[in-house]
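3D model of this:
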Amino acid sequence: MRQEELLKQLVAAINKPKLGLHSEAGSCKIYCNRQHGRLWYTLNSEPSDVPQTALTGYLKELRFENTERRKKETCKLLITI
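Numbers count the residues shown, from 1 in each chain. Purely as a prediction, here's the structure:
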């Protein structure tokens, strides 16, 4: 009976949709606005386009952070998936 349960769990894990935008482990900051001519991008030294059109995952944290940008106070939405 234990083998059958493990097999069912394995099949369920294989059938789950792939989550995220990349296959690398770790974290990745993705910016969302049209400032650099694209909707989603990452920043290293230069903006880099994120070509994927969908982001899937499990929401771990959702919060707003007040910050200053161009000498104006603004609010950013920070999502951890």
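
so what does the nearest residue to Ser48 once chain neighbours are set aside have for phi and psi?
Leaving aside its sequence neighbours, Ser48 sits nearest to Thr42 (C-beta to C-beta, 6 or more residues apart in numbering; 4.9 Å). C-beta coordinates here come from the backbone N, C-alpha and C atoms, glycine included. When read as degrees, to the nearest 10, the backbone of Thr42 gives phi -110, psi 160.

now Trp40. Nearest residue, chain neighbours left out?
Val50 (4.0 Å).

for Ile14, see how far away that neighbour is.
Going from Val50 to Ile14 by C-beta to C-beta, to the nearest Å gives 26 Å.

between the two, who's got more neighbours?
Val50 (18 against 7; other C-beta atoms under 10 Å).

is it true that that one touches Lys29?
No - taking contacts as C-beta atoms under 8 Å, Val50 lies outside contact range of Lys29: 10.9 Å.

neighbours around the residue nearest to Ser48, how many?
Applying other C-beta under 10 Å, I find that Thr42 has 15 neighbouring residues.

equivalent analysis for Ile30, please.
15.

contacting residues around it?
Leu21, Trp40, Tyr41, Thr42, Val50, Leu55 (C-beta atoms under 8 Å, 6 or more residues apart in numbering).

below-threshold pLDDT in the protein: ranges please.
Filtered on pLDDT under 70, the chain yields the residue ranges 1, 16-26, 34-37.

so where do the helices sit in it?
Along the chain, counting by DSSP state H, helices occupy 2-14.

residues near Ile79, how many?
Look at Ile79: counted by other C-beta under 10 Å, it has 13 neighbours.

now it: how far from Lys60?
9 Å.

again, but for Arg70
30 Å.

who's more crowded, the two?
Lys60 (8 against 5).

let me see the contact set for the nearest residue to the more buried one once chain neighbours are set aside.
Spatial nearest neighbour of Lys60, chain neighbours left out: Thr80 (4.5 Å); criterion: C-beta to C-beta, 6+ apart. Thr80 is in contact with Leu59, Lys60, Glu61, Leu62, counting by C-beta under 8 Å, 6+ apart.

that concludes my questions; thank you for your assistance.
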